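**Student:** Please find the sequence and the predicted model below.
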Amino acid sequence: MSKPLLAIRDVTKTFGLYQALRGVSLDVFQGKVLCLIGGSGSGKTTLLRCVNQIIQPDSGGIWLEDDLLGRRHEGGKLHRLPEREIARQRLKTGMVFQRFNLFPHLTALGNVMEGPVQVQGRDKASARKDAMELLSRVGLADKAGNYPSQLSGGQQQRVAIARALAMRPKLMLFDEPTSALDPELVGEVLAVMRELARSGMTMMVVTHELGFAREVADSVAFMDSGSIVEYGPPAQILGAPTEKRTRDFLSAVII
Amino acid sequence: MTTAGPVLTSGFPDLTGVPMARRTHWGRWTAALAIILVLLALVRAFAHGQIDWPVVGQFLTVPVILTGIVNTVIMSVLAMALGILLGVIVAVMRLSPNPVLSYCAAFYVWLFRGTPVILQLLLWFNLALVFPTIGIPGVWSGRAVDIMTPFLSALLGLGINQGAYTSEVMRAGILSVDAGQHEAAQAIGMGRLRALRRIILPQAMRVVIPPLGNEFIGMIKTTSLASVIQYPEILHNAENIYYANSRVIELLIVAGFWYLLVVSILSPLQHLLEKRFARGTQVMTR
């Protein structure tokens, strides 16, 4: 069996008295799409934020390619990596947030160019050319000069996807990318994500869009109270779940 | 063909085209009239009071007064610049996860906000009493009396004091930026300082400019305290003139006129700055 792009092993995370993750292990292989589903508080967003190192797990390990994230294993001990190293590791992942988090003082083009120019130090002309290509890929070439406040929620989220792609990540992380959108705007964002999956991008998607999961995901993990309850291909998890908790969740979600 | 609207009950009059009546604001008219009367009485009182208005006109543009107001503006701008520089650094230190930096910043704010600025000015000016010579050991040194001129004492006293206040304004501005912006900046590989410079501070500026404008206007008037350490700002120069000719009120009016003029020029400048930093946010309001 080949090595996974992302390997998560026995990750735990506690916030105060609340145990958000209770020993989660997963593999995500190159070019595959994993959808994380589950109720609120099930730990799926926490898991995603651990992969992007917005939070550091209490125990366990996450490997992206051959890098142990956020830690150095040396002399029988784990050492916290300096911030510069963590920032470098983050370049391999692209993150798309539920509430878009576009930079409001920059135009759509400025948002997409910010990382390549400021962080990767690329020259402006070529970064601009790439950014324009990404904006047309998400169908927003004509909105390049607009500020986020002049864009609809769906358009903002597509710019956010382009911004994440601009760093040429190995793995794209989506944290409920359509949950803050008006219903009629969900489709345009899912269409971009579908195209991205078809192009061979490795993706980890926290979502409530079960239709998207069924169609695009290679595997689905159902999480509840900080653990993966059931894992498998979408047809099995969404069509014929064996665990009672999965069945209860699905029957509550699908009216 | 009829449109499929809702079925309506009859009996409500048609209000289309009925004009709105003009309201007469009796309260406003009465208040305005009363205020005008009071103003007229005040003007009359000052016109007949013991003020020699020709003297005011005569001293309004004499070189000493003009130099004074120029010195006031120079000191305000430099001290405010120092204050903002220190304010940003101290605010960032205060919000740092490093407890040593954070406590140092808190101590600075406590010390310089906790004592009157006039006391700090006097301390800087009289530094020679504590340290007769100052400098960097082995590199350079000099007599404190020569170094701590009124100008440098005023700049350090006002600027360092202002830094303590400005750091709190800056801290409020930084805290006003959504946590998602830090996360998004981190997600594209930015470190803490770069995120601060490129993403957080530009957004904080929008919140920070109105209070900073306020602080700057305060600074213009606070420079008058530097008159106690012989810095030749406008009030100091006006005082020197009236010590000689005893036209106290006339010269105070001259100084007051210049302060008001400078402050009046600043408001439109602040408005321009606010517009500059509101990029991307005010689009929807027009």
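**Tutor:** Alright, I've got the coordinates.
**Student:** Run a quick check on B:Ala79 versus B:Tyr165, I expect a contact.
**Tutor:** No - B:Ala79 lies out of contact with B:Tyr165 (Cβ atoms under 8 Å); the separation is 11.6 Å. In short, each C-beta sits where N, CA and C put it, glycine included.
**Student:** The two: who's more crowded?
**Tutor:** Set B:Ala79 next to B:Tyr165 and count neighbours by other Cβ atoms under 10 Å in any protein chain shown: B:Ala79 wins out with 26 against 20.
**Student:** State the distance from that one to B:Ile147.
**Tutor:** 18 Å (Cβ to Cβ, to the nearest Å).
**Student:** Equivalent analysis for B:Phe107, please.
**Tutor:** B:Phe107 is 26 Å from B:Ile147, by Cβ to Cβ.
**Student:** Then B:Ile265?
**Tutor:** 34 Å.
**Student:** who has more neighbours, these two?
**Tutor:** Set B:Ile265 next to B:Ile147 and count neighbours by other Cβ under 10 Å: B:Ile147 wins out with 16 against 10.
**Student:** Now do the contacts for the more buried one.
**Tutor:** B:Ile134 (Cβ atoms under 8 Å, 6 or more residues apart in numbering or on different chains).
**Student:** ok, now the one 5 residues further on?
**Tutor:** For B:Leu152, the contacting residues are B:Trp124, taking Cβ under 8 Å, 6+ apart as the criterion.
**Student:** Unless I misread the structure, it falls within a strand.
**Tutor:** No - counting by DSSP: H, G, I helix; E, B strand; the rest coil, B:Leu152 is not found in a strand; it is helix.
**Student:** isn't there a strand covering A:Val186?
**Tutor:** No - using three-state DSSP, the secondary structure at A:Val186 is helix, not a strand.
**Student:** give me the number of residues near it?
**Tutor:** 18.
**Student:** correct me, but it touches A:Gly154?
**Tutor:** Yes - if you go by Cβ under 8 Å, A:Val186 and A:Gly154 touch, sitting 7.5 Å apart.
**Student:** tell me which parts of the stretch 151-286 of chain B are close to chain A?
**Tutor:** B:178, B:180-181, B:183-192, B:194, B:198-199, B:202-203, B:277, B:279-281, B:283-284 (Cβ under 8 Å from any Cβ of the partner chain).
**Student:** Low-confidence regions, chain B specifically.
**Tutor:** For chain B, applying pLDDT under 70 flags the ranges B:1-2, B:282-286.
**Student:** helices or strands next to the longest helix seen in it in the packing?
**Tutor:** With secondary structure taken from DSSP state H, chain B has its longest helix at helix B:63-94. Helix B:63-94 is packed against helix B:99-113, helix B:150-176, helix B:201-222, helix B:234-245, helix B:248-277, with contacts defined by 3 or more Cβ pairs under 8 Å, 6 or more residues apart in numbering or on different chains; DSSP states H and E.
**Student:** The last one versus helix B:201-222: what angle between them?
**Tutor:** In other words, helix B:248-277. 180 degrees (axes from the mean of the first three to the mean of the last three Cα atoms, to 10 degrees).
**Student:** so what's the spatially most central residue of chain B closest to, chain neighbours aside?
**Tutor:** Centroid check for chain B by Cα atoms, centre = their mean gives B:Phe216 as the closest residue, at 2.0 Å. Using Cβ to Cβ, 6 or more residues apart in numbering or on different chains and skipping residues adjacent in sequence, the residue nearest B:Phe216 is B:Met80, 5.3 Å away.
**Student:** Then B:Arg113?
**Tutor:** B:Ala164 (4.6 Å).
**Student:** and that neighbour, how many neighbours does it have?
**Tutor:** 22.
**Student:** Next, the contact list for it, please.
**Tutor:** Counted by Cβ under 8 Å, 6+ apart, B:Ala164 has contacts B:86-87, B:90, B:108-109, B:111-113.
**Student:** Got a PyMOL select line for the buried ones in those?
**Tutor:** Of the contacts of B:Ala164, the buried ones can be selected in PyMOL as follows, counting by 16 or more other Cβ atoms under 10 Å in any protein chain shown:
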select buried, chain B and resi 86+87+90+108+109+112
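**Student:** from the contacts of B:Ala164, which is closest to A:Leu47?
**Tutor:** Comparing those against A:Leu47 with Cβ to Cβ places B:Val90 closest, at 37.7 Å.
**Student:** ok, and for stretch B:210-228, which residues are buried?
**Tutor:** So, applying 16+ other Cβ under 10 Å, buried residues of stretch B:210-228: B:211-213, B:215-217, B:219-220, B:222-227.
**Student:** of these, closest to chain A?
**Tutor:** Distance to chain A, by Cβ to the nearest Cβ, is smallest for B:Leu212 among these, at 17.5 Å.
**Student:** ok, now how distant is that closest one from B:Val169?
**Tutor:** Taking Cβ to Cβ, one finds B:Leu212 at 6 Å from B:Val169.
**Student:** Also B:Phe131?
**Tutor:** 32 Å.
**Student:** now swap in A:Gly226 and tell me
**Tutor:** A:Gly226 is 42 Å from B:Val169, by Cβ to Cβ.
**Student:** Just the buried positions in whatever helix or strand B:Trp29 lives in, please.
**Tutor:** For B:Trp29, the element it lies in under DSSP states H and E is helix B:26-48. By 16+ other Cβ under 10 Å, helix B:26-48 has no buried positions at all.
**Student:** what do you get for stretch B:177-187?
**Tutor:** So, applying 16+ other Cβ under 10 Å, buried residues of stretch B:177-187: B:177, B:181-187.
**Student:** From the rest of the structure, what touches it?
**Tutor:** A:52-54, A:87, A:90, A:93-95, A:97, A:99, A:101-103, A:164, B:194-195, B:198-200, B:203-204.
**Student:** swap the cut-off to 7 Å and go again
**Tutor:** A:52, A:54, A:90, A:95, A:97, A:99, A:101, A:103, B:195, B:199-200, B:203-204 (Cβ atoms under 7 Å, 6 or more residues apart in numbering or on different chains).
**Student:** swap in stretch A:31-50?
**Tutor:** Contacts of stretch A:31-50 (Cβ under 7 Å, 6+ apart): A:11, A:13, A:20-21, A:24, A:28, A:55, A:57, A:62, A:173, A:175, A:197, A:200, A:202-207, A:210, A:213, A:216-226, A:249.
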